[in-house]
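Colleague: Below is the sequence, then the predicted model.
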Amino acid sequence: MNGSQRTRVLVCAWAILGVACGPGGDGWEESFPSEPGTSGEVSTEAPLPNGGLEVAPVNVEPEVGQPRAVPPLFQPGYHAALRWSYSTGNVTFRLRVPVGRAGQRVRLAFRSGDGSLVLRRATVARAGPNGSLASTPVTVTFSGAQGFSVGARKRVVSDPVPFPVGFRDELAVSFEVQGALGVSAIETLPGSYVRSGAYTGTTGAIGGSAWARAVGLATVDVEGPPARAFVAIGDSITEGYITEHDDTRKAWPSLAEAQLGVPIVNAGVSGQGFYDELQNLDQEVLSLQGVTDCIVLLGTNDLSSLEVSGLQTRMNLLLSRLAPLCRTWVSTLLPKEKSNHGDYEVVKRDRLAMNAWIRSTFPDVIDLEAVTRQPDNVHLFLDGLEVDGIHPSAEGHRVMAAEVVRVLREKGVQPEQGVQPQGEEPSEP
């Protein structure tokens, strides 16, 4: 070929998973074969070797039944939106974090809050009892340095860390910080601790105080074979609110993850509606890499403030922004036995209208209302499935997870390579 020609090779990593993708999207690898020093361009004007005898290139055909291996990818195994902000002096957090993906390397992403943040050192290890470590802590670096300093609302991703993890392993991520960190509104990570001073390398329990809110650590990516990777988008029902002293392992995304054998990371934020989600989508969801599917359960908090047409417009806008990232699955809204804001009769009417529209509009629907409502009253939960007329109980989360698993299995979602799905109950930290 002449000096202006080059060979373009496109490989869609998602094709083997049955997930659509296109040029320029995540999962495409573009390469240009080249010789050293040619920058991908091969000139035919160079002298021919062997005294001018042109030697025809040999095309080596791949053996039948031996497809080219797809390179491993970083995909999320844990995530928290960290919408709020928490400021602190020099402390060490040790978070006990469940990871829903297996692989040989991890990569951590930290998020600052409403001010500057200094992270001095971070380590990762296997979590032991009472805030101790079950393995030697491995230092995490950031562009080769042990720490970083950033301004408000920044996301900082670490270098890849050689650290093998299994599906649903629990990690101890320790980091010494000072300043403002992104934080969750409710407790989601029991078994975590905070102590003043520097303790990232301490293998025993660090002492200090129990700390259960997700803070600072936004994402744990795991490098492994390409697989389906889900993110759940919603409000407190998705984040896992039951009592405010909660556990992300008992929320429906984590329960469904354990049974399906694929990661379903949790981007739920208590109290939010469509407006808040759209305002924060870039940092909290679109910043994730390697996501293939999104599950949306959103709109309950908007029923008292938006008409049905407004709900529909914002749902369509959200799904259009998610379209380049993932295949979207839309859930119906759960029963609502009361309204803390607005006219309850209007809320009931509009919830039914919104659910009818969801069922008739979208190809991939997960009908969570159908499995949580009473058969003779669509506005009431089945007995034992709610805690306050709005939020599902622990049993309600189990019922929701079972329906998510049923629908996704019927649509062909398979466990990650080498992963054995687990039972319904999460292990205690």
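Modeller: Cool, got the structure.
Colleague: Contacts only, for His79.
Modeller: Each residue near His79 by C-beta atoms under 8 Å, 6 or more residues apart in numbering is listed here: Ala218, Thr219, Val220, Val231, Val265, Asn266, Ala267, Leu288. Any C-beta I mention is one placed from the backbone N, CA and C, and that applies to glycine too.
Colleague: tell me which residues form a beta bridge with it?
Modeller: Thr219 (DSSP bridges).
Colleague: can you give me the offset of stretch 225-238 from its chain's centre?
Modeller: Distance of stretch 225-238 from the chain centroid (C-alpha atoms, centre = their mean, to the nearest Å) equals 5 Å.
Colleague: now do stretch 135-154
Modeller: Taking the mean of its C-alpha atoms, stretch 135-154 sits 20 Å from the chain's own mean (C-alpha atoms, centre = their mean).
Colleague: Keeping just the C-alphas, turn it into PDB.
Modeller: Taking Å, rounded to 0.1, in the frame of the first residue of the first chain, the C-alpha atoms of stretch 135-154 are listed here in PDB:
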ATOM      1  CA  SER A 135      -3.700  -9.900  53.600                       C
ATOM      2  CA  THR A 136      -0.700  -7.700  53.300                       C
ATOM      3  CA  PRO A 137      -1.800  -4.100  52.200                       C
ATOM      4  CA  VAL A 138      -0.800  -3.100  48.700                       C
ATOM      5  CA  THR A 139       0.000   0.500  48.000                       C
ATOM      6  CA  VAL A 140      -2.100   2.300  45.500                       C
ATOM      7  CA  THR A 141      -0.500   5.000  43.200                       C
ATOM      8  CA  PHE A 142      -1.800   7.900  41.200                       C
ATOM      9  CA  SER A 143       0.300   8.600  38.000                       C
ATOM     10  CA  GLY A 144       3.200   7.000  39.900                       C
ATOM     11  CA  ALA A 145       2.800   9.100  43.100                       C
ATOM     12  CA  GLN A 146       1.400   7.800  46.500                       C
ATOM     13  CA  GLY A 147      -1.200  10.600  46.700                       C
ATOM     14  CA  PHE A 148      -2.800  13.600  45.100                       C
ATOM     15  CA  SER A 149      -4.300  17.000  45.800                       C
ATOM     16  CA  VAL A 150      -7.400  18.200  43.900                       C
ATOM     17  CA  GLY A 151     -10.100  20.900  44.100                       C
ATOM     18  CA  ALA A 152     -13.800  20.500  44.700                       C
ATOM     19  CA  ARG A 153     -15.900  17.800  43.000                       C
ATOM     20  CA  LYS A 154     -13.100  16.000  41.200                       C
END
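Colleague: Any buried residues in that stretch, and which?
Modeller: Pro137, Val140, Phe142, Gly147, Phe148, Val150, Arg153, Lys154 (16 or more other C-beta atoms under 10 Å).
Colleague: Would you check how far apart the fourth one and Arg351 are?
Modeller: It refers to Gly147. 48 Å (C-beta to C-beta, to the nearest Å).
Colleague: ditto for the first one
Modeller: Here Pro137 is placed at a distance of 49 Å from Arg351 (C-beta to C-beta).
Colleague: quick revisit: pick the one among the contacts of His79 closest to Gly128.
Modeller: Among these, Val220 lies closest to Gly128 (C-beta to C-beta), at 17.7 Å.
Colleague: Show me which helix or strand of this structure is least confident by mean pLDDT.
Modeller: Every helix and strand of the chain was ranked by mean pLDDT, DSSP states H and E. The lowest is strand 28-31, at a mean of 33.
Colleague: hmm, back to that, max pairwise distance over the buried residues of stretch 135-154: which two?
Modeller: Spanning the widest gap among those are Pro137 and Arg153, at 28.3 Å by C-beta to C-beta.
Colleague: neighbours around Pro164, how many?
Modeller: 12 (other C-beta atoms under 10 Å).
Colleague: Show me how the record splits the protein into domains.
Modeller: Domain ranges of the chain: 10-39, 74-224, 227-420, per automatic domain parsing.
Colleague: continuing past the longest strand seen in the chain, what's the next helix or strand?
Modeller: Across the chain, the longest stretch assigned as strand under DSSP state E is strand 103-126. Once the chain leaves strand 103-126, the next helix or strand it forms, by DSSP states H and E, is strand 138-140.
Colleague: Name the strands paired with that following strand and say parallel or antiparallel.
Modeller: strand 103-126 (antiparallel).
Colleague: can you pull the contacts of the residue lying closest to Ser209 once chain neighbours are set aside?
Modeller: Nearest non-adjacent residue to Ser209, counting by C-beta to C-beta, 6 or more residues apart in numbering: Val194, 5.7 Å away. The contact partners of Val194, taken as C-beta under 8 Å, 6+ apart, are Thr88, Val91, Thr92, Phe93, Arg94, Gly208, Ser209, Trp211.
Colleague: beta partners for the spatially most central residue of the chain?
Modeller: The centre of the chain sits closest to Val265, judged by C-alpha atoms, centre = their mean, with a distance of 3.6 Å. Beta-bridge pairing for Val265 (DSSP bridges): Val231.
Colleague: Any figure for the gap between it and Ala109?
Modeller: As judged by C-beta to C-beta, Val265 and Ala109 stand 12 Å apart.
Colleague: Find residues that contact each of the two.
Modeller: Between them, Val265 and Ala109 share these contacting residues under C-beta under 8 Å, 6+ apart: Thr219.
Colleague: Let me see the ranges of the strands in the stretch 251-400 of the chain.
Modeller: Along the stretch 251-400 of the chain, the stretches classed as strands by DSSP state E, counting those that start in this stretch are 264-266, 293-297, 327-331, 365-366, 373-374, 377-381.
Colleague: looking at those, which is buried most?
Modeller: Comparing the strands of the stretch 251-400 of the chain by mean neighbour count (mean count of other C-beta atoms under 10 Å), strand 264-266 ranks first with a mean of 27.
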